[in-house]
Each structure stands twice: as structure tokens, then as C-alpha cells.
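Peer 1: need the 3D shape of this:
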Amino acid sequence: MELQRYKTIEPKILYFGTPVVLVSTLQEDGSPNLSPISSAWALGWTVLLGFEESAKGRANLERTGECVLSVPSPDLWQNVERLAPLTGNNPVPPHKADKFRYCPDKFAVAGFTTSPSDCVAPPRVTECPLQLEAKLEAAHPLANRNGRYPVGIVAMEVRVVRVHARQDIIIKDNHINPALWSPLIYNFRHYFGLGTELGKTFRSET
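Peer 2: Residues are numbered from 1 along each chain as shown. The predicted model follows:
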């Protein structure tokens, strides 16, 4: 009887609540490109970034070996959404041509400004409270079983080399205060912030 509460489904995407990350890279002419992604996973100071194989941000990262991961807060969701239909690819890839358009200056269209980085060439997004400078370690092609994705997908493994945090979200000089900071969450193509704190793990230092 209990099993009748569930139904087998096949959704197009599985973004079951993941943070939005803005990946800045450099184009061939030295201008910045800004890629909003919803597939980012961190362990220690290593982050895996999910890209379409055809994404300009992925190509830039592979070519230069550098990027900045700027993590927006929930109040910036409309700025992030302005980036959603844009691509740094010119011409626009065929599988995106019906919904996307080329944009040479995504920072301006989204209402973001740049700040110089310390260890890498791509700029940081000034408005994001958390910014991670990173360098490429490896690229891992991912299986696209049953052709559920229109193009190939790749996990780009980057190593964070510098962390910038806005002063008002820092606690004890070297920690992020989770009571004052929350990332923008992408939940089945809808934007959310975090809810009320439920508790903390025994390993918490704050």
C-alpha cells in the first residue's frame, strides 16, 4: 500500500537544489565571459563544474586553465536570469539557436561589475559575496546515457587558489557565517534561497 504513494517519472533535468555559480573566463581577445552554471560540487578546495561540451566557458577554461567562481546571493537572482539566454559563442551553436543569443559583454547586460583577481587573469563578480579564484586540474567527459542531453557534457575539475569573502559574512576571522550567508539555489529551474537553519554538524567550528 505504501508503494502506491510513488510514481516512476523521467524528468528532463535533475537539479534537485544546487547552488548557482557564475564562472568567469577570458575570451580569445582578452575580454571576460560569464557563464551561469547550476552544476557545481566542492570537496575541500577542489570544485567540479558541469558544462555542456559546446559551452564557451568550458572552452575558455580549457584553453587558459583559469577561472573565477563567483557565488551569488538570493537577491541577485534577476541578474543571474538575465545571463540565462546569453552565450559567448559566435555563432550560436545550432542546438541553442532558437532560445539563445550571442552577447559580447555579459557583465553589462546582467548589471554586474568586475573586480581584479589576485592569482588568475579572469575577473571576479564584485556583487557576489563569495568569490573563488581557481585553476584547471583536469577535464572529465561524462556519460550521456540514452541521449538525454542534446550534446556532450564535461566535468571540469578546478583547484581553488584564493578565496574572497565579503566582510559582513565572515565570522572568527577565517570562517563563513552560515547565519548571514546563503547561496542562490537552482531547484528544478526555479530560484530559491535557503530556509531557516535546522541545526549543525558536530564538526562545525562556528
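Peer 1: hey, let's count contacts and neighbours off CA atoms from now on
Peer 2: OK.
Peer 1: quick one: Asn60 is in a helix?
Peer 2: Yes. According to DSSP: H, G, I helix; E, B strand; the rest coil, Asn60 belongs to a helix.
Peer 1: looks like it contacts Val23 (just checking).
Peer 2: No. Using Cα atoms under 8 Å, Asn60 makes no contact with Val23, being 10.5 Å away.
Peer 1: neighbour-wise, which of the two wins?
Peer 2: Val23 (27 against 20; other Cα atoms under 10 Å).
Peer 1: confidence score at that one?
Peer 2: pLDDT, Val23: 98.
Peer 1: show me what the helix or strand harbouring it is in contact with.
Peer 2: If you go by DSSP states H and E, Val23 is part of strand 21-26. By Cα atoms under 8 Å, 6 or more residues apart in numbering, the residues outside strand 21-26 that reach it are 32-40, 57, 60-61, 64, 66-72, 121-124.
Peer 1: same check, this time on stretch 190-206
Peer 2: By Cα under 8 Å, 6+ apart, the residues outside stretch 190-206 that reach it are 73-74, 77, 171-172, 175, 177, 179, 182-186.
Peer 1: what does the lowest-mean-pLDDT helix or strand in the chain rub up against?
Peer 2: Across the helices and strands of the chain, mean pLDDT, DSSP states H and E gives its lowest value to strand 16-19, namely a mean of 91. For strand 16-19, contacts defined as Cα under 8 Å, 6+ apart pick out 38-40, 71, 183-188.
Peer 1: among those residues, which two are most distant?
Peer 2: Across the contacts of strand 16-19, the longest distance by Cα to Cα is 18.5 Å; it joins Val71 and Phe188.
Peer 1: who has more neighbours out of the two?
Peer 2: Neighbours were counted for Val71 and for Phe188 using other Cα under 10 Å; Val71 has more, 23 against 14.
Peer 1: which SS state does Met156 fall under?
Peer 2: Quick answer, by three-state DSSP: Met156 is strand.
Peer 1: and it, how many neighbours does it have?
Peer 2: For Met156, the count of nearby residues is 20 (other Cα under 10 Å).
Peer 1: tell me the bridge partners for it.
Peer 2: According to DSSP bridges, the residues that bridge with Met156 are Leu49, Ala139.
Peer 1: so what's it up against?
Peer 2: Counting by Cα under 8 Å, 6+ apart, Met156 touches 48-51, 58, 136-140.
Peer 1: what's the ChimeraX line that selects buried ones from the contacts of strand 16-19?
Peer 2: In ChimeraX, this line selects whichever of the contacts of strand 16-19 come out buried by 16 or more other Cα atoms under 10 Å:
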select :38,39,40,71,183,184,185,186,187
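Peer 1: where do the helices sit along the chain?
Peer 2: All helices of the chain, identified by DSSP state H, fall at 56-64, 77-83, 106-110.
Peer 1: and the ones you listed, which is most packed in?
Peer 2: Among these, helix 56-64 has the highest mean neighbour count (mean count of other Cα atoms under 10 Å), at a mean of 20.
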